[in-house]
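Participant: Predicted model and sequence follow; I will ask about them next.
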Amino acid sequence: MPEFPSGEWFDALAAQANDKADDLAEFGFSNIRLACRINGLPDGDRYFGLRVEGYDVISDGEIDPASWGADCTLEGPAQVWFEMVSNIRENGGADLSHTLNALSLPEIPLRIVSDDPMGRDLFFRYNQTLQEVFDLAAEVPTEMPVTTRPNS
Amino acid sequence: MADLTIDWDYAARVSEGKLDLDWLHSWNHEVGEEIKPSRIGLTMKDIAVGRYGDIPEEAPMRTMAPRGGEREAVMPDMGYTLNKRADVWAENVMDLYEEAVSRQWSATRDIEWSEIPDIDPDLEHALCQVCTVLSEVEMIASDFPAKWMWQINHDYVEAKMFLATQIMDESRHTEVFRKRALAKGAGLGRSRAATEEFLKLILDADNYSEGSALMHLLGEGIVLSLFRAGELLSPSPVEKKIFRLCMQDEARHVAYGTMHLRYALANDPDREGEYHEYLDKGERILAALFTIPEVVEPLMILAAGGEEEAAALGGQAADMLQMRVIEEYLQRCDRAGIDRRSRIQIPGIIGGYDPAEHGVTSEAAMAQATN
């Protein structure tokens, strides 16, 4: 069972998405390189790369942001990422306050960052697809770090 | 005017089996090689090769004859007024067309209309007022391209095709918000003259460039932010999906507007002053939108969770939204190659109430609004 966050977990998410390729294709093709920056982990901030190319979802696992060439980066504290993934898993999909847009519009607790506003706007252009992909976290067996559990 | 008289001699020859076939025997406009489709299928960009991808800076004729094919020397003048590439082009327009076609959706089929929950009447009315404003403003983005599309030279057909998708997108947005306002019985709310002033400014634009800057870049950029806010504040997953799907469409239109302005300015930097004047006008009117109760208060009520809560919260959520709207708009202007930071006419940034000066940050405002 892959631990969140890890390259294996993002690989499993991408595999899950590709298993549901016909469902995702209903929303049309996408073309985005989304970096996920998870801040404040015990070993510092970590980046994971997720691409949607056409109808394929591709995980590049843990990435070096300097060389990966993200269109945009979704970033925020690890605790918020843990909460989002847990929420998706508990509800079978994000509830009203845990969608990607809801968490990032006010720039807290997550935010979407890009040097290029056209890159940032891709996050909006493919938002339904991205949400559908992340909602599939509900079906990814996930080991959450002990520090995220209640009373830990 | 080409001669439209019937060629009886030709008709007689054909009846005797003597075909002309000059069009066939003189065929000399092959692409050269078979075109391989890209991973999503055969796209407009895939086929924009050789003479077919040669998009003229100025169209040599005003005809509907397809670009790259063979034309007679004299063709009827279709009356096009937008005959320069810089008038309408954007480097991303072919990609955006493909994306638009691929990502179409149906307001009838794809929204779970039977799953809208009963909510507090004030929240329902606030949501319906938001839907009223959006149903009103969205159709301008159909009407404006429709007004100009026939005037675009056919050599820039990809731009026309993209605008055709936008017309459909905006029609669907008008549809989906009208349906949501009526779906639970609350109905449509109030329209205000001030909102229509901005719409009239776009529709009455003297030229396509002015209207495009006002609509694609300024107006739709702001509506994109409103859609994002709508998604955040939606009372159920049904509205969330409506706003997300609309957000995707709107972001395509903004992407065209940003890159069209960039292309136009790169090709004619002397027009920068002209664009500043358009945006000065548009921003002044748009600033007024932030002071229309029917625009601002429904969002405050949805953000706070009710009428009393909205009064207690004050304008913090609206201030946050305004800050996000303005900053994202300014970034797009930067990308387009026009610096609006020094002359923006929206009072939240200059000359009026600046939330940041009063210690209101987007983080604080929204944290309070969403707690």
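Facilitator: Arrived safely. Everything numeric here is computed off the predicted structure, so don't read it as measured data.
Participant: so who does B:R228 touch?
Facilitator: A:101, A:105, A:124, B:243, B:247, B:324 (CB atoms under 8 Å, 6 or more residues apart in numbering or on different chains). In short, each C-beta sits where N, CA and C put it, glycine included.
Participant: ah, wrong one, I meant B:K160
Facilitator: By CB under 8 Å, 6+ apart, B:K160 lies in contact with B:88, B:149, B:152, B:154.
Participant: CSV for those residues, including neighbour count and secondary structure?
Facilitator: CSV is the format used below for those (neighbours: other CB atoms under 10 Å in any protein chain shown; DSSP: H, G, I helix; E, B strand; the rest coil):
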residue, neighbour count, secondary structure
B:V88, 27, helix
B:M149, 18, helix
B:I152, 22, strand
B:H154, 16, helix
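Participant: Strands of chain A, residue ranges please.
Facilitator: All strands of chain A, identified by DSSP state E, fall at A:30-41, A:44-54, A:56-62, A:72-77, A:111-113.
Participant: Name every strand pairing with the longest one and say which way it goes.
Facilitator: Taking DSSP bridges as the criterion, strand A:30-41 sits next to strand A:44-54 (antiparallel), strand A:72-77 (parallel) in its sheet.
Participant: Put together CSV for these, with distance to B:G219 and mean pLDDT on each row.
Facilitator: Listed next are those as CSV, based on distance: least, CB to CB, whole Å; pLDDT from 0 to 100:
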stretch, distance to B:G219, mean pLDDT
strand A:44-54, 29, 97
strand A:72-77, 23, 98
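Participant: just these: most buried one?
Facilitator: strand A:72-77 (a mean of 21; mean count of other CB atoms under 10 Å in any protein chain shown).
Participant: Which parts of chain A are helices?
Facilitator: Secondary structure of chain A by DSSP state H: the helices cover A:7-19, A:21-25, A:65-68, A:78-91, A:100-104, A:117-125, A:127-135.
Participant: do you know which of those lies nearest B:R178?
Facilitator: Checking the helices of chain A against B:R178 by CB to CB gives helix A:127-135 as the closest, at 20.8 Å.
Participant: Could I get the average pLDDT for that closest one?
Facilitator: Taken as a whole, helix A:127-135 has a mean pLDDT of 98.
Participant: any idea of the angle it forms with strand A:30-41?
Facilitator: If you take axes from the mean of the first three to the mean of the last three CA atoms, to 10 degrees, helix A:127-135 sits at 50 degrees to strand A:30-41.
Participant: which strands and helices sit next to helix A:127-135?
Facilitator: helix A:7-19, helix A:21-25, strand A:30-41, strand A:44-54, helix A:78-91, helix A:100-104, helix B:237-267 (3 or more CB pairs under 8 Å, 6 or more residues apart in numbering or on different chains; DSSP states H and E).
Participant: Now tell me what touches that helix from outside.
Facilitator: Contacting residues not belonging to helix A:127-135 are listed as A:13, A:17, A:23-24, A:27-28, A:30, A:32, A:34, A:50, A:52, A:57, A:84, A:88, A:92-94, A:99-101, A:123, B:241, B:244-245, B:247-248 [CB under 8 Å, 6+ apart].
Participant: Now with 7 Å, please.
Facilitator: Surrounding helix A:127-135, the residues in contact under the criterion CB atoms under 7 Å, 6 or more residues apart in numbering or on different chains are A:13, A:17, A:24, A:27, A:30, A:34, A:52, A:57, A:88, A:93-94, A:99-101, B:244-245, B:247-248.
Participant: burial of the closest residue to A:V140 other than its chain neighbours, as a residue count?
Facilitator: The shortest distance from A:V140 to any non-neighbouring residue, by CB to CB, 6 or more residues apart in numbering or on different chains, is to A:A12 (4.7 Å). When neighbours are defined as other CB atoms under 10 Å in any protein chain shown, A:A12 has 21 of them.
Participant: any weak-confidence spans in chain B?
Facilitator: Scanning chain B for pLDDT under 70 picks out B:1-3, B:347-371.
Participant: just to revisit the earlier point, nearest to A:D71, out of the helices and strands packed on helix A:127-135?
Facilitator: Distance to A:D71, taken as CB to CB, is lowest for strand A:30-41 among the helices and strands packed on helix A:127-135, at 4.8 Å.
Participant: Just give the number of residues close to the residue nearest to B:G211 when sequence neighbours are not counted.
Facilitator: Spatial nearest neighbour of B:G211, excluding adjacent residues (CB to CB, 6+ apart): B:A205 at 3.3 Å. Neighbourhood size, B:A205 [other CB under 10 Å]: 21.
Participant: now the one 10 residues further on
Facilitator: Using other CB under 10 Å as the criterion, B:M215 is surrounded by 28 other residues.
Participant: contacting residues around it?
Facilitator: So, once contact is read as CB under 7 Å, 6+ apart, B:M215 ends up touching B:140-141, B:144, B:202.
Participant: now the contacts of B:K160 in CSV, with distance to chain A?
Facilitator: Below are the contacts of B:K160 laid out as CSV (distance: CB to the nearest CB, whole Å):
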residue, distance to chain A
B:V88, 19
B:M149, 22
B:I152, 23
B:H154, 27
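Participant: now, which of these sits nearest B:L188?
Facilitator: When the contacts of B:K160 are compared for distance to B:L188 (CB to CB), B:M149 comes out closest, at 28.6 Å.
Participant: B:L163 is in contact with that closest one, correct?
Facilitator: Yes - with contact defined as CB atoms under 7 Å, B:M149 counts as touching B:L163 (5.2 Å).
Participant: Return the set of buried residues in stretch A:114-126.
Facilitator: Going by neighbour count (16 or more other CB atoms under 10 Å in any protein chain shown), the buried part of stretch A:114-126 is A:114, A:117-126.
Participant: ugh, wrong one, stretch B:218-234
Facilitator: B:218-234.
Participant: Filter those residues down to the ones in helices?
Facilitator: B:220-233.
Participant: Quick one: end-to-end distance for stretch B:20-39.
Facilitator: Chord length of stretch B:20-39, first to last residue, is 41 Å (CA to CA, to the nearest Å).
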